[in-house]
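Q: how does the following fold in three dimensions:
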Amino acid sequence: MPHARLSRRAFNLSAAVAAVSVAAPSLGQSAWPSKPIRIVVPYTPGGFTDQMARLIQPGLQSRLGQTVIVDNKPGANSLIGVDAVAKAAPDGSTFGVVIAAFAANTTLYPKLPYDPRKDLVGVSLMGVSPLLAAVNNDAPFKTAKELIDYARANPGKVSFGSSGNGSAAHLTSELWKSLTKTYMIHIPYRGAVPALTDLMGGQIQLFFDAPTGLINQGKAGKVRLIGVASERRLPVLPDVPTFIEQGFPGFTGSTWAGMLAPAGTPRDIVKRMSEEVARIIKSDETKAKLEAMGTFPAGSTPEEFDAFIAAETAKWAQVIKTAGVKPD
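A: Okay, here's the model as predicted:
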């Protein structure tokens, strides 16, 4: 009999523990975040990636009740910073914000210091920024169609700049060359600023860039904006038509920003961070700031962002292979 009473007592205790386990949240999420959170930006301060990380920083601090630090780790076309995220402890204290180059680098570099599919997981797509095309004010063409007609009649006489080999600007330009069957000369620069300077000075005739770098220059009349590589116009530039509207079907190209985490980060933490990022991105205040930057707000689930990265990787892999793009 004592044995039977002990067994019943043990059973009742086990049932009580199980009930508490079901009712309580998982340990990973309930205890998180227990220390400051670091968001690695694999570029220098001030650029699009850095702007996107700092846009969500105050909201995350407020909502999570922890200090959130933006850690700029530039170099090697974002490889150094992304590698730091991939090799960080998967405890929910380190995340990274990446842009379109992350997807392109998978094909661009034959050997990466990390495995993008095994070492990193998507958290949320934050925003998509369709590229704008700008031409020099003195160029002998004023519209996208006139530029293509001129390029076809004068092979090699149009030069286009980019912020570097394999950048979103470079690959989008190569995609347009391929779709229009034109031959234009690529001039890579160490960043967008010197490329824009040479565009205004007439050293190059065409430059694709994120809207943040061209909106003010276009409105000030320093360059002519001839098209946006998107399916819809940018609200901040309602008079600039899309390339699709101008007779270039299917032509889209963008940079985008999204958050990653080291593989192995507890799934409930990844989900919670994704939800918090989405809430901030979709707030009226943040949406207004993104619109002014020429960026469409997103705020996706981890699964949606993983699928987005896979599609972007496949799209730009084809462009890189067709154009024979090589890293610097």
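Q: how far does stretch 51-65 sit from its chain's centre?
A: Here the centre of stretch 51-65 is set off from its chain's centre by 17 Å, with Cα atoms, centre = their mean, to the nearest Å.
Q: in it, which residues are buried?
A: 51, 52, 53, 54, 55, 56, 57, 59, 60, 63 (16 or more other Cβ atoms under 10 Å). Every C-beta, even on glycine, is put in place using the N, C-alpha and C of the backbone.
Q: go on, stretch 106-115?
A: Buried residues in stretch 106-115 (16+ other Cβ under 10 Å): 106, 107, 108, 114.
Q: can you pull the contacts of the closest residue to the third one other than its chain neighbours?
A: Put plainly, it is residue 108. Spatial nearest neighbour of residue 108, excluding adjacent residues (Cβ to Cβ, 6 or more residues apart in numbering): residue 166 at 4.4 Å. Residues in contact with residue 166 (Cβ atoms under 8 Å, 6 or more residues apart in numbering) are 77, 101, 104, 105, 108, 320, 325, 327, 328.
Q: rewinding a little: and the buried residues of stretch 106-115, which is closest to residue 252?
A: The shortest gap between residue 252 and any of those belongs to residue 107, at 18.5 Å (Cβ to Cβ).
Q: right, and the helix or strand after the helix or strand that contains that closest one?
A: Applying DSSP states H and E as the criterion places residue 107 in helix 101-108. For helix 101-108, the succeeding helix or strand toward the C-terminus, using DSSP H and E, is strand 120-130.
Q: centre of the chain to that following strand, how far?
A: The answer for strand 120-130 is 5 Å, by Cα atoms, centre = their mean.
Q: quick one: strands adjacent to the helix or strand that comes right after that strand?
A: The element immediately downstream of strand 120-130 (helix or strand, assigned by DSSP H and E) is strand 132-135. In the sheet containing strand 132-135, its partner strands are strand 206-209 (antiparallel), strand 224-228 (antiparallel), by DSSP bridges.
Q: just name the most buried of those.
A: strand 206-209 (a mean of 28; mean count of other Cβ atoms under 10 Å).
Q: what are the contacting residues of it?
A: Here strand 206-209 has contacts from 131-135, 139, 147, 158-163, 168-169, 172-173, 176, 184, 192, 195-196, 199, 214, 223, 229, 253, using Cβ under 8 Å, 6+ apart.
Q: thinking again about what came up before, most neighbours, which of the contacts of residue 166?
A: residue 104 (27 neighbours; other Cβ atoms under 10 Å).
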